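Peer 1: Sequence and computational prediction follow.
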Amino acid sequence: MRNFIAKKLYIYGPSILSGTLLIFCFPTFNYFFLAWIALAPFLISIMDKKPSEAFRAGFYLGIPYFFGTLYWIYNSINHYGHIPFIPSLALVFLLSLYLSLYTGVFAALFSWKIATTRLPALLIAPVLWVTLEFLRSYALTGFPWSSLGYSQHTFLPAIQFADITGIYGVSFLIVAVNGAIADFFIIKKRLRAMPLFPLSQTVIGVALLSVFILAVYFYGFWRLNETPSGKLVRVSIIQGNIEQDKKWDFAYQREVFDTYKNLTQAATVLSPSLVVWPETAAPFYFNSDPVFTQELLSFQQALNTSLLFGSVLIKEPADGDKNSGKNLLTNSAILLAPDGKPSLIYDKIHLVPFGEYVPFRKVLFFLDKLVSGIGDYTPGEYNIRAETPYGSFGVFICYEIVFPGLVRKSYSRGGNFIVTITNDAWFGKTAGPYQHFSMAVFRAVENRKPVIRAANTGISGFIDSRGKVLGATSLFQRTAMTMDVATDARRSFYSRYGDLFSYLCIVISVLLLINVPKSTTNWR
């Protein structure tokens, strides 16, 4: 038995080591520098493996990587879904197994191509990694959480070029550096096994990577030394810190509403142009509760400022669904102008699977009972922006801010700042809220727009268009924060053209996979 375990550790130990190191790159550890070396042991270990063996190694990389960064999901399943602790962890483990398939496929393809081409790892690994990471963000409704690039959210010089490539360019650079390290350790073995192996390709690859790194850093410092030239807008964010168990308990309806009113009243002493409440902050259905709706309108008109808040709305079904007799619920954001008139009603487009709806319900019908208390929301259809005297902005609710393409669509034709509202109480005192906040940094850089974030229990804050956090609240703190935000009307390359870099990686990956030499020298 000991020999069996020792053998498995020898084979898969580097994968487990790399996967474990990756955990420490993300919040709340934030040892971002580890990402630049973490994958190297894994890449070195799979270079001489068959694709089937490499797949297993990649799978063992993914399990600690994804389970270690996503463990916090158990909190909402356990505490709010009323599923016991062990089954809750088991569900998160199943999610980790699914996500590990992507790292497994990456490893299999990388192992195959490194043996059948004469290209260095620093060229093969990053294009394959980005291809699979990008596909993961869209497959089965998409799950881009724990993308490698997010580990660098505090390393601002290295992420400024995301306004050209998006988050996936940062992932590319990290994997390329790890690939170069792997090339260094394996080059002698390749030369012995492949006498005609063109060392020049590796040398050229390292040279190009070095130039790329220098360009990234020069570009990064240049961008960081820029000063946003847009006008200043004073914004107040309100963090009500309402316990999740109280939010929809009618016994606490008045208490919750008064909490937001009192915090807002205090914040408006500073004369903000906009006050932002979190996701579903209103403890009532805005369009269906006349008493509380009118009270909110009267309160807001007296403030003489714009108010953006989250609320669940009840809507009539479409003409074709009226016979169902069932009204529709939307997770919405409403912007009230100073005169109390709604100037924007945005319905959340990208709902949280198994949190706001059950995907593939006809197949997964049994989860209606398994996931107790699940919201059954209808997605919105339109990605719209608010046009106001103090600027143009889009609103993104909770999970939507983690999708680069969704945010980019709102700013492809301009805009001044980004607003995101969320309720991260579901995650408890875990790494979840910190990870969620860190992902907003990249939406700021990608689109060159400051981000205003209001969260029920935190983290609320302000991020400038360079990704610098200007101010942030603590978790589970009842507070308000007011700041002058420098708007930014620039349209970045990424805002204009989207994920061209990722598509290029996909094209190169396809060319790599279909280009199978008739006669190859397998150096293993």
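Peer 2: Received the coordinates, thanks.
Peer 1: show me what contacts the nearest residue to residue 499 once chain neighbours are set aside?
Peer 2: Nearest residue to residue 499, sequence neighbours excluded (CB to CB, 6 or more residues apart in numbering): residue 166, at 5.5 Å. Placement of C-beta: from N, CA and C, glycine included. Contact partners of residue 166, counting by CB atoms under 8 Å, 6 or more residues apart in numbering, are 404, 408, 446, 494, 498-499, 501-502.
Peer 1: Relative to residue 350, how far out is the residue nearest the centre of the chain?
Peer 2: The centroid of the chain falls nearest to residue 402 when counting by CA atoms, centre = their mean (2.9 Å). To residue 350, residue 402 is 9 Å away according to CB to CB, to the nearest Å.
Peer 1: before we move on, the earlier item: per-residue confidence at the residue nearest to the residue nearest to the centre of the chain when sequence neighbours are not counted?
Peer 2: Leaving aside its sequence neighbours, residue 402 sits nearest to residue 439 (CB to CB, 6+ apart; 5.0 Å). pLDDT, residue 439: 98.
Peer 1: Give me the neighbour count for the closest residue to residue 426 other than its chain neighbours.
Peer 2: Distances taken as CB to CB, 6+ apart place residue 76 nearest to residue 426, at 3.9 Å, with adjacent residues excluded. Neighbour count for residue 76, taken as other CB atoms under 10 Å: 22.
Peer 1: Quick check, residue 76 in contact with residue 352.
Peer 2: No. Look at residue 76 against residue 352 with CB atoms under 8 Å: they stay out of range, at 9.7 Å.
Peer 1: Of all the helix elements in this protein, which one is longest?
Peer 2: In the chain, with assignment by DSSP state H, the single longest helix is helix 85-116.
Peer 1: That one: which residues count as buried?
Peer 2: For helix 85-116, burial by neighbour count (16 or more other CB atoms under 10 Å) applies to 88-89, 91-93, 95-96, 99-116.
Peer 1: One more: stretch 70-86?
Peer 2: Buried-residue list, stretch 70-86, by 16+ other CB under 10 Å: 70-81, 83.
Peer 1: next one: stretch 341-351
Peer 2: For stretch 341-351, by 16+ other CB under 10 Å, it's 344-351.
Peer 1: again with stretch 14-25
Peer 2: Quick answer for stretch 14-25 (16+ other CB under 10 Å): 14-19, 21-25.
Peer 1: Reformat the residues you listed as JSON lines; add distance to residue 252.
Peer 2: Below are these laid out as JSON lines (distance: CB to CB, whole Å):
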{"residue": "14", "distance to residue 252": "52"}
{"residue": "15", "distance to residue 252": "48"}
{"residue": "16", "distance to residue 252": "46"}
{"residue": "17", "distance to residue 252": "48"}
{"residue": "18", "distance to residue 252": "47"}
{"residue": "19", "distance to residue 252": "43"}
{"residue": "21", "distance to residue 252": "44"}
{"residue": "22", "distance to residue 252": "41"}
{"residue": "23", "distance to residue 252": "37"}
{"residue": "24", "distance to residue 252": "39"}
{"residue": "25", "distance to residue 252": "40"}
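Peer 1: In helices, which of those residues appear?
Peer 2: 14-19, 21-23.
Peer 1: Just the closest of the residues you listed to residue 259, please.
Peer 2: Using CB to CB, residue 23 is the member of those that sits closest to residue 259, with 36.2 Å.
Peer 1: so who does that closest one touch?
Peer 2: 29, 64-65, 68-69.
Peer 1: try 7 Å
Peer 2: Residue 23 is in contact with 64-65, 68-69, counting by CB atoms under 7 Å, 6 or more residues apart in numbering.
Peer 1: Same list (those residues) but as JSON lines, adding distance to residue 488, neighbour count and secondary structure.
Peer 2: As requested, the contacts of residue 23 are exported to JSON lines (distance: CB to CB, whole Å; neighbours: other CB atoms under 10 Å; DSSP: H, G, I helix; E, B strand; the rest coil):
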{"residue": "64", "distance to residue 488": "39", "neighbour count": "20", "secondary structure": "helix"}
{"residue": "65", "distance to residue 488": "34", "neighbour count": "29", "secondary structure": "helix"}
{"residue": "68", "distance to residue 488": "35", "neighbour count": "19", "secondary structure": "helix"}
{"residue": "69", "distance to residue 488": "31", "neighbour count": "25", "secondary structure": "helix"}
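Peer 1: roughly how far apart are residue 167 and residue 130?
Peer 2: Residue 167 sits at a distance of 10 Å from residue 130 (criterion: CB to CB).
Peer 1: Residue 306 now?
Peer 2: Using CB to CB, residue 306 is found at 40 Å from residue 130.
Peer 1: out of the two, which sits in the more crowded spot?
Peer 2: Neighbour comparison, residue 306 and residue 130: the larger count goes to residue 130, with 33 against 23 (by other CB under 10 Å).
Peer 1: how about the nearest residue to that one, chain neighbours excluded?
Peer 2: Per CB to CB, 6+ apart, closest to residue 130 is residue 505, 4.2 Å.
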